[in-house]
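K.L.:
only geometry, no sequence info:
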């Protein structure tokens, strides 16, 4: 699939990729040459009583649109326009652990994220901007061997700026907002909540968690979102988990009245149901949202996947149906599902579609069908195709004048290449065809194309 990038941008991306690969191969060669003559380890100067770990992550991506967002992204120009922009990020991190033999353990982490967006980004991704701020800043305690009858580290408590997620991130994963004045809309390098208290008890196959989380919103759009909740998970087998969660949200009532006082119940099942068919997996989730007489909504999703593990290239096939209730204009109470704080678990979750889910749809007023096919030629390369059918649950509440449920059909193609132990490259091409609802809402009939090259380094 041809990426909608200009020739100059394509050339720049290609040259950058060649440089990255060359650096990665050179680094591997130097490491191999030094293996037989490794010098003595040098002191870091940090307290030797602690076990220190340093990490460094960096990313760079180029993104291109044709017929952006089924809408005109630039004011005053009536024609179809394309956008092409870049994002980059850096994240250094330092963690430490203090542990005595057969005793409790203290740990902590400090990291910071710098991000930049530049080029011709659409409004939803923000303009040319950059930012640098603390990401992780927390301290924690684990019980170690203090409770030998229950197991190692059966109790774990974390306090500070920290990440947290439930299940596959359908409702709760991303603790920090991106784009806008921070940049990095797609890169999404920030995950930590601006303040978190997380307590875990993990006896055997059971996990019980209680938490308080305060979202790190954009300064220009601070909704005041915070929540407390509980989560229980049972490991029903090596590859099967059952879970139930309760969340209680708070927000600035003038910014998001539905979320202030919102109660959420989430049920999850990630299963390998048949011992005789370990390649078959079934995932299902249900979410209920209630806020008195003001709001009531539901969402659910069901997925089946089969991996042909004995076949060449290990092909895998997946089908998923996802439903998120929309608001019925005929009722006084609101019903449009609040997508809350979803995050990226795998391609297609939980931003549905590299075009639709990333740029003009959310997990609300939506019913989607997904068919996915993936192959893994070797340990370094994985590729796949995703086919989406997007339908509106309540057409009238999507936009004025919309009467049809059929919104768009989208196809995404992706390739992940692990160049070596440090470098990874991702290539994405996507195509979306607007259907009747999109034409009624945006007065757009032209197809929408998208391409991306994304490079990541991890140390």
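P.N.:
Thanks, I have it. What you are looking at is a predicted structure, and each value in this text was computed from that prediction instead of being measured. Numbering: from 1, shown residues only.
K.L.:
how far away is the residue nearest the centre of the chain from residue 201?
P.N.:
Centroid-nearest residue in the chain, with CA atoms, centre = their mean: residue 344, separated by 1.9 Å. To residue 201, residue 344 is 28 Å away according to CB to CB, to the nearest Å. Heads up, the C-betas are built off the backbone N, CA and C, glycines and all.
K.L.:
How about the contacts made by the residue nearest to the centre of the chain?
P.N.:
Shown here is residue 344, whose contacts under the criterion CB atoms under 8 Å, 6 or more residues apart in numbering are 169, 173, 188, 350, 351.
K.L.:
okay if I get the residues you listed as JSON lines plus distance to residue 320 and neighbour count?
P.N.:
Below are those laid out as JSON lines (distance: CB to CB, whole Å; neighbours: other CB atoms under 10 Å):
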{"residue": "169", "distance to residue 320": "14", "neighbour count": "18"}
{"residue": "173", "distance to residue 320": "18", "neighbour count": "21"}
{"residue": "188", "distance to residue 320": "22", "neighbour count": "19"}
{"residue": "350", "distance to residue 320": "11", "neighbour count": "20"}
{"residue": "351", "distance to residue 320": "14", "neighbour count": "22"}
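K.L.:
Export those to a markdown table and append columns for pLDDT, secondary structure and distance to residue 453.
P.N.:
A markdown table is the format used below for the contacts of residue 344 (pLDDT from 0 to 100; DSSP: H, G, I helix; E, B strand; the rest coil; distance: CB to CB, whole Å):
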| residue | pLDDT | secondary structure | distance to residue 453 |
| --- | --- | --- | --- |
| 169 | 97 | coil | 25 |
| 173 | 97 | coil | 25 |
| 188 | 93 | coil | 17 |
| 350 | 96 | coil | 23 |
| 351 | 94 | coil | 18 |
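K.L.:
Kindly reformat those residues as CSV containing distance to residue 436.
P.N.:
Formatted as CSV, the contacts of residue 344 follow (distance: CB to CB, whole Å):
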residue, distance to residue 436
169, 32
173, 33
188, 32
350, 26
351, 24
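K.L.:
The residue nearest to the centre of the chain sits in which helix or strand?
P.N.:
Assessed by DSSP states H and E, residue 344 sits outside every helix and strand.
K.L.:
can you give me the helices for the stretch 351-459 of the chain?
P.N.:
358-359, 436-442 (DSSP state H, counting those that start in this stretch).
K.L.:
deepest of these, which one?
P.N.:
Comparing those by mean neighbour count (mean count of other CB atoms under 10 Å), helix 358-359 comes out on top with a mean of 21.
K.L.:
Who are the packing partners of it?
P.N.:
Helix 358-359 sits against no helix or strand, with contacts defined as 3 or more CB pairs under 8 Å, 6 or more residues apart in numbering; DSSP states H and E.
K.L.:
which outside residues touch it?
P.N.:
69, 122, 124, 125, 186, 351.
K.L.:
pLDDT wise, what is the second one at?
P.N.:
We note a pLDDT of 78 for residue 122 in this prediction.
K.L.:
any chance you could map the strands in the stretch 1-150 of the chain?
P.N.:
51-66, 84-99, 105-120, 129-142 (DSSP state E, counting those that start in this stretch).
K.L.:
Check which residues of the last one are buried.
P.N.:
By neighbour count on 16 or more other CB atoms under 10 Å, the buried set for strand 129-142 is 129, 131, 135, 136, 137, 138, 140, 141, 142.
K.L.:
Touching, residue 371 and residue 409? I think so.
P.N.:
No. Judged on CB atoms under 8 Å, residue 371 makes no contact with residue 409 at a distance of 11.3 Å.
K.L.:
follow-up on the earlier one: reformat the strands of the stretch 1-150 of the chain as CSV; add distance to residue 437.
P.N.:
What follows is those, written out as CSV (distance: least, CB to CB, whole Å):
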stretch, distance to residue 437
strand 51-66, 20
strand 84-99, 27
strand 105-120, 28
strand 129-142, 33
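K.L.:
Which among these is found nearest to residue 433?
P.N.:
Distance to residue 433, taken as CB to CB, is lowest for strand 51-66 among the strands of the stretch 1-150 of the chain, at 12.8 Å.
K.L.:
any idea how far residue 455 lies from residue 131?
P.N.:
20 Å.
K.L.:
contacting residues for residue 292?
P.N.:
The contact partners of residue 292, by CB under 8 Å, 6+ apart, come to residue 261.
K.L.:
Got phi/psi on it?
P.N.:
phi 60, psi -140 (degrees, to the nearest 10).
K.L.:
Torsion angles phi and psi at residue 398?
P.N.:
In terms of degrees, to the nearest 10, the main-chain angles of residue 398 are phi -80, psi -50.
K.L.:
ok, how many other residues are close to it?
P.N.:
By other CB atoms under 10 Å, 24 other residues sit near residue 398.
K.L.:
And for the one 4 residues further on?
P.N.:
Counted with other CB under 10 Å, the burial measure for residue 402 works out to 20 neighbours.
K.L.:
just residue 85 next, same as before
P.N.:
For residue 85, the count of nearby residues is 22 (other CB under 10 Å).
K.L.:
Next, the buried residues of stretch 270-284.
P.N.:
For stretch 270-284, the buried set under the neighbour-count rule, 16+ other CB under 10 Å, comprises 270, 271, 272, 281, 282, 283.
K.L.:
ok, of these, which one's closest to residue 240?
P.N.:
residue 271 (4.6 Å).
K.L.:
Is the closest one in contact with residue 285, as I believe?
P.N.:
No. Residue 271 is beyond contact range of residue 285, at 11.8 Å (criterion: CB under 8 Å).
K.L.:
The residue nearest to residue 427 when sequence neighbours are not counted: neighbour count?
P.N.:
Using CB to CB, 6 or more residues apart in numbering and skipping the chain neighbours, the partner closest in space to residue 427 is residue 415 (4.6 Å). Neighbour count for residue 415, taken as other CB under 10 Å: 13.
K.L.:
For residue 415, which residues are in contact?
P.N.:
Contact analysis of residue 415 by CB under 8 Å, 6+ apart lists 381, 382, 383, 426, 427.
K.L.:
measure it to residue 453 for me?
P.N.:
According to CB to CB, residue 415 stands 10 Å off from residue 453.
K.L.:
any residues in contact with both of these two?
P.N.:
426, 427.
K.L.:
picking that back up, nearest to residue 443, out of the contacts of residue 415: which one, please.
P.N.:
Distance to residue 443 across the contacts of residue 415 (CB to CB) is lowest for residue 427, with 32.3 Å.
K.L.:
Pull the contacting residues for the closest one.
P.N.:
The contact partners of residue 427, by CB under 8 Å, 6+ apart, come to 414, 415, 417, 452, 453, 454.
K.L.:
Tell me which two in the residues you listed are the farthest apart.
P.N.:
Top of the distance list for these (CB to CB): 417 and 452, 13.6 Å.
K.L.:
joint contacts of those two?
P.N.:
Contact criterion CB under 8 Å, 6+ apart; residues shared by residue 417 and residue 452: 426, 427.
K.L.:
Tell me which of those two has more neighbours.
P.N.:
When neighbours are counted by other CB under 10 Å, residue 417 and residue 452 differ, and residue 452 comes out ahead with 22 against 16.
K.L.:
what sits against that one?
P.N.:
Contacts here follow CB under 8 Å, 6+ apart; on that basis residue 452 touches 3, 61, 62, 63, 64, 186, 354, 426, 427, 428, 429.
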